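S.K.: what follows is a predicted structure for the sequence shown.
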Amino acid sequence: MVVVGADVHKHTHTFVAVDPVGKQVGQVTVAATSKGHAKALGWARREFGEDLRWAVEDCRHLSTRLERDLLSAGQSVVRVPPKMMAEQRRVARTRGKSDPIDALAVARAFLREPDLPVATHDEVSREAKLLTDRRDALVATRTRTINSLLWRVHELDPAMAPAPRSLDRAVTQQALHAWLGTLSGIVAEMARDELEDVIALTARIDVFGKRLGALVRREVPELLALPGCGELSAAKLLGESAGITRFSTEARFARHGGLAPIPVWSGNTAGRVRMTRSGNRQVNCAVHRIAITQIRLKDSLGRAYYDKKLAEGKTRTEALRCLKRRIARTVFNRLTTDHHNRQTPALPATA
């Protein structure tokens, strides 16, 4: 087996091939286009045969087209986190930084950690990811606009400030618009302009929310049935998983989401752990929302598990961490079930 490490950039990709013990056996740089990717694939097949593994630095905007071209050609692709590549480069005997050095570090990082999740391009997950990212960007833009608008309203008349977190509601928007229409001056003009932006952004956000709701109801009904998991959380988990089948176990999915505890004990402190500060924070945030909601539901299994951990002497923070880890297992199982249901639709009833 030969591992081909890839250091990806906007205009060029550099590939370095290594043998199973990490010795460099080849190098090539191609254009970051489908034609360049085909050239790199032809070079690798011609020089090293068909037993290839492609290790790509995980830079999604730069590596997506490369991954798609390689997967379409039937190749096995693994995403290597940048921090693993940087650590491998740090401990290597070579000094300095260049594209070939980085590509070599990517390949050797894969040899050191051969169980990294493989790359997949699940169209359902990709659609959810693109829709949620766009909605999040619109929400962030609306928040900035609202903050600016509130300061203008405060300058005009502090008593007319709307209630906190109410400017996404049509009633509040209309009332504020009617009041601003009675005022003159540049500040009032800017406030009206920003309010129109808020109204337009709210309408677009609602459209994306409805699309995401229809998507998750169709594609992940099992996940959506999880208590505490709303449509937006389900869409976030679906999109950020990027194809649940790339995780061979639920423990690896939990580690991907920063939900797996890390041991930090020595001697008499045996068993002590802490939560990782790495991982996909979007997955972590979605699971956190589900956990908080389940704790508030008095008759839920999540609340019962949380109370059990408190009774065992754990703090509220520790009990919440345990619940999030348990929810991660459930999310993995339900996403896996939904994936299998999509791949094998129900057969029509027989007579």
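M.R.: Alright, I've got the coordinates.

S.K.: quick one: contacts for the nearest residue to residue 212 once chain neighbours are set aside?
M.R.: Spatial nearest neighbour of residue 212, chain neighbours left out: residue 235 (4.3 Å); criterion: CB to CB, 6 or more residues apart in numbering. Glycine gets a C-beta too; all of them are placed from N, C-alpha and C. Taking CB atoms under 8 Å, 6 or more residues apart in numbering, we find residue 235 in contact with 128, 131-132, 212, 215-216.

S.K.: of those, which belong to helices?
M.R.: Within the contacts of residue 235, residues falling in helices by DSSP state H are 128, 131-132, 212, 215-216.

S.K.: give the buried subset of those as a ChimeraX selection command.
M.R.: Here is the ChimeraX command that selects the buried residues among those (16 or more other CB atoms under 10 Å):
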select :128,131,132,212,215,216
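
S.K.: any chance of a markdown table for the contacts of residue 235, columns pLDDT?
M.R.: Output for the contacts of residue 235, formatted as a markdown table (pLDDT from 0 to 100):
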| residue | pLDDT |
| --- | --- |
| 128 | 93 |
| 131 | 95 |
| 132 | 95 |
| 212 | 95 |
| 215 | 95 |
| 216 | 95 |
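
S.K.: rebuild those residues as JSON lines, extending it with distance to residue 150.
M.R.: Output for those, formatted as JSON lines (distance: CB to CB, whole Å):
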{"residue": "128", "distance to residue 150": "32"}
{"residue": "131", "distance to residue 150": "28"}
{"residue": "132", "distance to residue 150": "26"}
{"residue": "212", "distance to residue 150": "28"}
{"residue": "215", "distance to residue 150": "33"}
{"residue": "216", "distance to residue 150": "33"}
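
S.K.: now do the contacts for the closest residue to residue 51 other than its chain neighbours.
M.R.: With sequence-adjacent residues excluded and distances taken as CB to CB, 6+ apart, residue 51 is closest to residue 1, at 4.9 Å. For residue 1, the contact set (CB under 8 Å, 6+ apart) comprises 20, 51-53.

S.K.: would you map the strands across the stretch 1-150 of the chain?
M.R.: 2-8, 12-18, 24-31, 52-57, 77-80 (DSSP state E, counting those that start in this stretch).

S.K.: can you say which of those strands is packed in most?
M.R.: Using mean count of other CB atoms under 10 Å, the stretch among these with the largest mean neighbour count is strand 2-8, at a mean of 26.

S.K.: partners of it, with directions?
M.R.: Within its sheet, and counting by DSSP bridges, strand 2-8 is paired with strand 12-18 (antiparallel), strand 52-57 (parallel).

S.K.: alpha carbons only: can I get the last one in PDB?
M.R.: Taking only C-alpha atoms (Å, rounded to 0.1, in the frame of the first residue of the first chain), the coordinates of strand 52-57 have been written out as PDB:
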ATOM      1  CA  LEU A  52      -3.500   3.600  -2.900                       C
ATOM      2  CA  ARG A  53      -4.800   5.600   0.000                       C
ATOM      3  CA  TRP A  54      -5.200   9.300  -0.300                       C
ATOM      4  CA  ALA A  55      -4.700  11.400   2.900                       C
ATOM      5  CA  VAL A  56      -6.000  15.000   2.400                       C
ATOM      6  CA  GLU A  57      -5.600  17.800   4.800                       C
END
